[in-house]
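Undergrad: 3D, please:
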Amino acid sequence: MNKKDFTNALTLGFLTPYYDFITNFAGFGPAIYKKITDYISPKAGDKILDVGTGTANLAMTIKRKYPNLEVVGVDPDENILNIAKRKVAKEKLPIELLKGFAQQLPFRDNTFDFVVSSFVIHHIPKPFKKRAFIEMKRVLKKEGTAVIVDFGIPKNFFANIVILIFSLVEDVGPNRQGLIPRLLKEVGFRDVEEIGSKFGVVSFYRARKT
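TA: Below you'll find the model as predicted:
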């Protein structure tokens, strides 16, 4: 795998240092991460993987709420991982951060109780999207849960406009057509459901490995 096999978090690499500011300004920040933590129900000692952890905002939110979880974040972008490592060190949060691709996760089968991913799928190149879901399912334990958040099927006129604007700079077209739940089902996840939405633009999906 190389740099051609992933897209930077904000598409343009030079924007990476401003990732947190831009996503928070756009409304895709803390409220999203908090909502994801509300959709998981871990028990002490569970292991959770944040795929495409970026600056580790989601991983840190989970660790703050559930300090007895083992939280691991993985991302292919070394630059953004360096930002994440500085943030985690500053708060002294015991989160493991590793370099790795969603479509080739560096973990053994049946390792994690939960896999989460926030605004990652639309960045994965088309040939690798399905493989990424296969990998998420592979590293989940039996009865494990995946929670995937990304642009989804627009729910209203406003959402249609927003997603059309984003499509000028981000590859959100497949998501708009229902790609995420379709691929989750294709790779063998069960109980695939959309469990929430924000602005009618962002969809929260949950699926289980049986």
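Undergrad: with only the CA atoms kept, save the longest helix along the chain in CSV.
TA: Ranked by residue count under DSSP state H, the longest helix found in the chain is helix 78-91. C-alpha atoms of helix 78-91 as CSV (Å, rounded to 0.1, in the frame of the first residue of the first chain):
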residue,chain,number,x,y,z
GLU,A,78,1.7,9.7,8.9
ASN,A,79,1.2,13.5,9.1
ILE,A,80,-2.2,13.3,10.7
LEU,A,81,-1.1,10.5,13.0
ASN,A,82,1.7,12.7,14.3
ILE,A,83,-0.9,15.3,15.2
ALA,A,84,-3.0,12.6,16.9
LYS,A,85,-0.1,11.4,18.9
ARG,A,86,0.7,14.8,20.2
LYS,A,87,-2.9,15.3,21.3
VAL,A,88,-3.1,12.0,23.0
ALA,A,89,0.2,12.5,24.8
LYS,A,90,-1.0,16.0,26.0
GLU,A,91,-4.0,14.5,27.6
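Undergrad: and the angle from the helix or strand following it to helix 78-91?
TA: Moving toward the C-terminus from helix 78-91, the next helix or strand (DSSP states H and E) is strand 95-99. Orientation of strand 95-99 against helix 78-91 (axes from the mean of the first three to the mean of the last three Cα atoms, to 10 degrees) gives an angle of 170 degrees.
Undergrad: and the helix or strand following strand 95-99, how far from the chain's centre?
TA: The first helix or strand that comes after strand 95-99 along the chain, using DSSP H and E, is strand 112-118. Here the centre of strand 112-118 is set off from its chain's centre by 8 Å, with Cα atoms, centre = their mean, to the nearest Å.
Undergrad: report the strands that pair with strand 112-118, each with its relative direction.
TA: In the sheet containing strand 112-118, its partner strands are strand 47-51 (parallel), strand 140-151 (parallel), by DSSP bridges.
Undergrad: neighbours around the closest residue in space to Asp150 that isn't next to it in sequence, how many?
TA: Distances taken as Cβ to Cβ, 6 or more residues apart in numbering place Ile121 nearest to Asp150, at 4.7 Å, with adjacent residues excluded. No exception for glycine: its C-beta is placed from N, CA and C like everyone else's. Per other Cβ atoms under 10 Å, the neighbour tally for Ile121 reads 25.
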